[in-house]
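Visitor: My questions are about this predicted structure, shown below with the sequence.
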Amino acid sequence: MSDYKLLIGGKLVDGDAQMDVVNPATEDPVASCARASKGQLDQAVAAAQAAFPAWSATSIDERRAVLVKIADAIQANLADLARLLTQEQGKPLADATGEVFGASAFFRYFASLNLDARVVQDDDAGRVEVRRKPLGVVGCIIPWNFPMILMAFKVPAALLAGNTVIVKPAATTPLTALKLGEIIKDIVPPGVVNVIADANDLGGEMTRHPGIRKISFTGSTETGKKVMASAADALKRVSLELGGNDALIVLDDVNVKETAPKVFGAAMQNAGQVCIAAKRIYVHESMYDAMCDEFARLAGEMVVGDGLEQGTQMGPLQNKQQFEKVMGFIESARKDGKVIAGGGRKGDKGYFIQPTVVRDIADGAKLVDEEQFGPVMPVIKYSDPAEAVRRANASIYGLGGSIWAKDSERAWGLAEQMESGSVWVNKHADLQPHLPFGGAKFSGVGSELGEEGLKEFTQVQVLNMAR
Ligand code: NAD
């Protein structure tokens, strides 16, 4: 028996197995939760299939009302969900609170959208309408860096379009998703939303499952390729939100003291575990030393600790594997550049890493070319802005990027040349529910959020009648 059960067919059920979830700040278990078997995945798919005809036949107003009720329920449980999120994910409680609130806001946003038929022709010769139909059962696969908000990128859009869903959180952060399942159990009709948890073994089963019509996936590029390959057999739709290696370019006219904290924040938010964190910082040679000094000062002042402790600005890495991976990036950076702040583990319990700044490092170094996904920022010198943009674009990734300048028109002109799904000027990682978000190149396929994101959960149907 567990406090954290699966939601299958409208019922909270124990898993065929149990698993412990570790608090990354203490390395102690937070809780034990239900772990689904392949058979329970099959049950969830069957429940979602059975619920589909009635759910897809409801009016959009009925579905909107359900989304608003879910948003209200998330808000009513804000404090509990935020605390649980900090315990399983590690982020500071204020950030966790913001994430949970954001999740409710995203449900509310999707409740405001329409999917009206577009009348293309209506005259004596005939009537033609372009309609948007639901796809069927949608599998939502979520990573561990933002378990709540990334679920809210997918689930409300899928539901509004008339699909039924199966949510699968990451193996190291299943608790908030399971809790949400419990919270919404009596709000959604049985089988419309199913929540399962796994030990990193059911994602592939979902992508291969013949009963699922679409996979909405957020995670690493490597796993994204596997999703696409195994979805091919059943010709499932996929949308893939994958890794990034965002370049942030600082032009030569900025005020160093004002700009440095914003750039530093763009790299260090969520301990750097953000798909659109600034992961390569290109700074003009005229202010390179001054900017590096500011970053080092800010890193030294940052309060790293348990997210539940007041005053904590940065929590631990989310899991041991990621902790070790980021420590490996630091080791390689010692050879490729000069570590001027941080540079190691903090304490001997919990997956804490000191905010680390590396200067005198260049393209070609592992820390610059690969996605570190941790609190380690490489600061790279450049002399010609056009050349900096070319270097920024010389990456397999194309998720986000930004240009920082006093002369924002000049920055806009350079921003247009960046090969990424989102480009910001004088800010970074500004995600909003009404703005489509997606990656270029190896950073993804398709987009989420906004009307474009909603449409990805639909099939176009043309109704064409002669008169
Ligand atoms: P991951 O790819 O290891 O895991 C993501 C999810 O996929 C988990 O739920 C996991 O259980 C599941 N999974 C594992 N194997 C699978 C398989 N064969 N088929 C289907 N699903 C499978 O990613 P992660 O380490 O949890 O997350 C970090 C990565 O995610 C980073 O690269 C980051 O940039 C990326 N990310 C991207 C976005 C975005 O919107 N583009 C957002 C957040 C994170």
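Guide: Thanks, I have it.
Visitor: So for stretch 404-413, mean pLDDT?
Guide: Averaged across stretch 404-413, the pLDDT comes to 97.
Visitor: can you check stretch 232-240 too?
Guide: Per-residue pLDDT over stretch 232-240 has a mean of 96.
Visitor: Spell out which parts of the stretch 351-467 of the chain neighbour the ligand.
Guide: Contacts of the stretch 351-467 of the chain with the ligand, taken as CB under 6 Å from any ligand atom, map to 371, 373, 399, 439, 444. (C-beta placed from N, C-alpha, C; glycine too.)
Visitor: which ones among these are found in strands?
Guide: residue 444 (DSSP state E).
Visitor: Adding pLDDT and neighbour count, write the residues of the stretch 351-467 of the chain next to the ligand out as CSV.
Guide: Formatted as CSV, those follow (pLDDT from 0 to 100; neighbours: other CB atoms under 10 Å):
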residue, pLDDT, neighbour count
371, 98, 25
373, 98, 25
399, 98, 29
439, 98, 26
444, 98, 27
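Visitor: which pair in the residues of the stretch 351-467 of the chain next to the ligand spans the largest distance?
Guide: Maximum pairwise distance among these (CB to CB): 15.6 Å, between 373 and 444.
Visitor: and residue 137, what is it in contact with?
Guide: Counting by CB atoms under 8 Å, 6 or more residues apart in numbering, residue 137 touches 45, 48-49, 52, 163-166, 211-214.
Visitor: same question, residue 148
Guide: 81, 85, 99-100, 102-103, 176-177, 180.
Visitor: In the residues you listed, find the pair that's most separated.
Guide: Farthest-apart pair in those is 102 and 177; separation 15.3 Å (CB to CB).
Visitor: neighbour-wise, which of the two wins?
Guide: Taking neighbours as other CB atoms under 10 Å, residue 102 and residue 177 compare with residue 177 leading, 25 against 18.
Visitor: The more buried one and residue 55, how far apart?
Guide: 20 Å (CB to CB, to the nearest Å).
Visitor: Show me the chain divided up by domain.
Guide: In terms of domains, the chain is parsed into 6-242+443-466, 246-432 (source: automatic domain parsing).
Visitor: Pop out the phi and psi values for the nearest residue to residue 68 once chain neighbours are set aside.
Guide: In space, residue 68 comes closest to residue 111 once its chain neighbours are excluded; the distance is 5.0 Å by CB to CB, 6 or more residues apart in numbering. Here is the backbone geometry of residue 111 (degrees, to the nearest 10): phi -70, psi -10.
Visitor: Tell me the pLDDT of the residue in the stretch 251-400 of the chain that the ligand sits nearest to.
Guide: Per CB to the nearest ligand atom, residue 275 is where the stretch 251-400 of the chain lies closest to the ligand, at 3.1 Å. Note on residue 275: pLDDT of 98.
Visitor: Could you report the distance from residue 173 to residue 128?
Guide: Separation of residue 173 from residue 128 (CB to CB): 47 Å.
Visitor: The two: which has the busier surroundings?
Guide: A direct count of neighbours by other CB under 10 Å for residue 173 and residue 128 places residue 173 higher, at 26 against 16.
Visitor: does that one count as helix, strand or coil?
Guide: coil (DSSP: H, G, I helix; E, B strand; the rest coil).
Visitor: for residue 133, same thing?
Guide: Under three-state DSSP, residue 133 comes out as strand.
Visitor: Close to the ligand: what parts of the protein are there?
Guide: Proximity of the chain to the ligand, by CB under 6 Å from any ligand atom, involves residues 141-145, 168, 170-171, 200, 203-204, 207, 218-220, 223, 226-227, 241-244, 275, 371, 373, 399, 439, 444.
Visitor: Look up phi and psi at the residue in the chain that the ligand sits nearest to.
Guide: Proximity to the ligand, evaluated over the chain using CB to the nearest ligand atom, is greatest for residue 203 at 2.2 Å. Note on residue 203: its backbone torsions stand at phi -60, psi -50 [degrees, to the nearest 10].
Visitor: That one: how many residues sit nearby?
Guide: As a burial measure, residue 203 scores 22 neighbours (other CB under 10 Å).
Visitor: Surely it is in contact with residue 141?
Guide: Yes. If you go by CB atoms under 8 Å, residue 203 and residue 141 touch, sitting 5.4 Å apart.
Visitor: Common neighbours of the two, please.
Guide: Common neighbours of residue 203 and residue 141 (CB under 8 Å, 6+ apart) are 168, 227.
Visitor: Helices of the stretch 201-350 of the chain, start to end?
Guide: Per DSSP state H, counting those that start in this stretch, the stretch 201-350 of the chain carries helices over the ranges 203-208, 221-231, 256-268, 288-301, 320-336.
Visitor: Just put those helices in JSON lines and tack on distance to residue 462.
Guide: Below are these laid out as JSON lines (distance: least, CB to CB, whole Å):
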{"stretch": "helix 203-208", "distance to residue 462": "29"}
{"stretch": "helix 221-231", "distance to residue 462": "25"}
{"stretch": "helix 256-268", "distance to residue 462": "44"}
{"stretch": "helix 288-301", "distance to residue 462": "55"}
{"stretch": "helix 320-336", "distance to residue 462": "46"}
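Visitor: Tell me which of those sits nearest to residue 352.
Guide: Closest of these to residue 352 is helix 320-336, at 8.3 Å (criterion: CB to CB).
Visitor: Could I get the buried residue list for that closest one?
Guide: By neighbour count with 16 or more other CB atoms under 10 Å, helix 320-336 contains the buried residues 322-323, 325-327, 329-330, 332-333, 336.
Visitor: try stretch 110-120
Guide: Quick answer for stretch 110-120 (16+ other CB under 10 Å): 110-111, 113, 115.
Visitor: okay, how far is it across that stretch, tip to tip?
Guide: This stretch, stretch 110-120, spans 25 Å end to end (CA to CA, to the nearest Å).
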